[in-house]
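# For reference, the sequence and a predicted model appear below.
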Amino acid sequence: MSNKKSDTSFLVQGSVLAIASIISRVIGLLYRIPMTNIIGEYGNDYYSCAYEIYSMMLLISSYSLPMAVSKMVSARMANGQKENAYRVFRGALLIAVVTGTAGCLFVFFGAGFLTELFQTPLSFLALRVLASTIFIVAVLGVIRGFFQGLGTMVPSAVSQILEQIVNAIVSVAAAYILFGYGTRIAAVIGGDQHYAEAYGAAGGTLGTSTGALAALAFCIFVFLAYRKNLKKGIARERRLNRTQPEAYGSVLKILILTIIPILLSTTLYNLVSIVDQGLFKNLAIAQGNTSDQVSQWWGIYSGYYRVLVNVPISISSALATSSVPALAAAFAKKNMDQVRRRIGLSMRFIQVVAMPCTVGMIVLAHPIIKLLYPGASDLAGSLIQAGGISIIFYSISTLSNAVLQGIDQMRIPIRNAVIALAANIAAVPVSLYVFNLNIYTMIAGNIVFSLVMCILNGLSVKKHSGFRPNIVKTFVKPAAASVIMGAAVFGVYHITYKVTGINSVCTILSIVAGIIVYAVALLLIKGLTEQELESFPKGTFIIKIAKKLHLL
């Protein structure tokens, strides 16, 4: 019984982080609406370019730290080594300060050169504002990774929500103020440069910095409160002479050896977005499109399509984050049965969420865009319809990346990411020049990359863990319930729209109907068991309702 509780406890923690991620994404989605209305499609392009470069530097400087810390802390805590777990934290903090400072300085002083590479020179203002965030997030990531390694996702979850709330308030306010400032500069200088949009985008990135700073302050407060108990545990451990403390040199060496493969695989996995931006913009301009047209296309793609599609994918990222310490702990004890059970539970959980999100996004693409962005181009909805399927592929590949890292197969995601990235790079010019897909080229590239990564990672997980998914329960039943839901959502929307003609009302009613229909359909076809529902947030309450309705 304890094994079963242990198997599902990480799902509960993953659910906490997933819920926080959803709330954070929703907040992010909501504040992007007024911010997009302020800075426009050109401003979205500047914001996106700066954010992509910042994200890549964050990946290189510190993004791998939280996962490495959580993995190493979890393995030591599983063996009762509190002092060594604390030494991992302190060693990682030193690395974060060094790499975060280096990344901050490089981005600040190299902003002009970096943005020129991506044919978006005016985004240098936004990028410079983001520079300090690299240092802040590096330190923040170590503290979050430490608590994740201890088996609690609550500090990470709460700090994420706090970060986004502050981000939302500051981003909108600063975008509005700086857009006005940029307008005045443009009036003085003259010409057709989009100074207002550039300054507005810089205001948007200011929210990212202040949000990260607020999250760091919260995490430091929680850590200081926890440190007293930790030091008592370490003192007790020393009295009992349970373990030999690891030398800091050894800790740093292991950290670096753990960070490097995670860094390479994560960087390559996320490199696709920045490679796509540089490749597409340069090729599209060489094809004869104007820089303004390309900028507008990219603003629609990054400001609408990617923002919405990333909401369901964030759930997979949250579960992947929570699964690494759990898998590392089981793997450290050489309990492969438990490893396979945890992989299976994670995969099923993700498919239960990713499949209905994919179908719902495709069916309601245009209504959702009209609801959130009334003035947006129809192209935004069409992009979501064309690329919605990548939600499933990205969800699986994100989880399988984490699984391979959790079972010490950290080089394999690097190899798989290289192959997938090469396939993506090959798909972009073919889609653009042969099929003339303009911005749909990015959709084709996303699907190719995520599908190749999904297949290769899946084969690798099977080979190195022995895990074989139950195809019917993991994929077929969620897919069947999602199709039923999709048909219901389509019908509800079009029927209510004929009656009311109000898109917002019809979209919300359709989403609510879709959630209910999907839940009922999934339970009726036995897509979830009572034990699996118990691992969900408020699982006991869900079970009571389901039994009253004779769905279980």
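On my side now, so go ahead.
# so where's the stretch 101-250 of the chain shaky on pLDDT?
Along the stretch 101-250 of the chain, segments meeting pLDDT under 70 span 190-193, 241-243.
# make it 80
The model of the stretch 101-250 of the chain has pLDDT under 80 over residues 117-121, 151, 153, 185-194, 233-234, 237-246.
# downstream neighbour of the helix or strand encompassing Ile300 in the secondary structure list?
Counting by DSSP states H and E, the element that carries Ile300 is helix 291-300. The helix or strand immediately downstream of helix 291-300 is helix 306-332, counting by DSSP H and E.
# tilt between that next one and helix 291-300?
Orientation of helix 306-332 against helix 291-300 (axes from the mean of the first three to the mean of the last three C-alpha atoms, to 10 degrees) gives an angle of 50 degrees.
# Check the offset of helix 306-332 from the chain's centre.
From the chain centre to the centre of helix 306-332 is a distance of 8 Å (C-alpha atoms, centre = their mean, to the nearest Å).
# now that helix: mean pLDDT?
Helix 306-332 carries an average pLDDT of 74.
# Now do that helix: which elements does it pack against?
Contacts defined by 3 or more C-beta pairs under 8 Å, 6 or more residues apart in numbering; DSSP states H and E place helix 306-332 against helix 2-58, helix 65-78, helix 124-149, helix 336-363, helix 365-372, helix 378-387, helix 390-406. Every C-beta, even on glycine, is put in place using the N, C-alpha and C of the backbone.
# can we see that at 7 Å?
helix 2-58, helix 65-78, helix 124-149, helix 336-363, helix 378-387, helix 390-406 (3 or more C-beta pairs under 7 Å, 6 or more residues apart in numbering; DSSP states H and E).
# nearest to Cys104, of those helices?
Across these, Cys104 has its closest neighbour in helix 124-149 (4.5 Å, C-beta to C-beta).
# Regarding His550, what is its secondary structure?
Taking DSSP: H, G, I helix; E, B strand; the rest coil as the rule, one finds His550 in the coil state.
# Please report phi then psi for it.
Phi and psi for His550, reported as degrees, to the nearest 10, are phi 60, psi 40.
# measure it to Gln119 for me?
His550 sits 60 Å away from Gln119, going by C-beta to C-beta, to the nearest Å.
# do the same with Val311
If you measure Val311 against Gln119 using C-beta to C-beta, the figure is 28 Å.
# cool, Phe541 as well?
With C-beta to C-beta as the criterion, Phe541 and Gln119 are 53 Å apart.
# Give me the more crowded residue out of these two.
Neighbour tally, Phe541 and Gln119, criterion other C-beta atoms under 10 Å: the higher count belongs to Gln119, 20 against 11.
# quick one: contacts for that one?
Gln119 makes contact with 281-282, 285, 291, according to C-beta atoms under 7 Å, 6 or more residues apart in numbering.
# now do Leu522
Applying C-beta under 7 Å, 6+ apart, the residues near Leu522 are 477-478, 481, 528.
# Who are the contact partners of the nearest residue to Lys370 once chain neighbours are set aside?
In this structure, Lys370 finds its nearest non-sequential neighbour in Asn503, 4.9 Å apart by C-beta to C-beta, 6 or more residues apart in numbering. Residues in contact with Asn503 (C-beta under 7 Å, 6+ apart) are 367, 370-371.
# nearest to Ser156, of those residues?
Nearest to Ser156 among the contacts of Asn503: Leu371, at 30.1 Å, using C-beta to C-beta.
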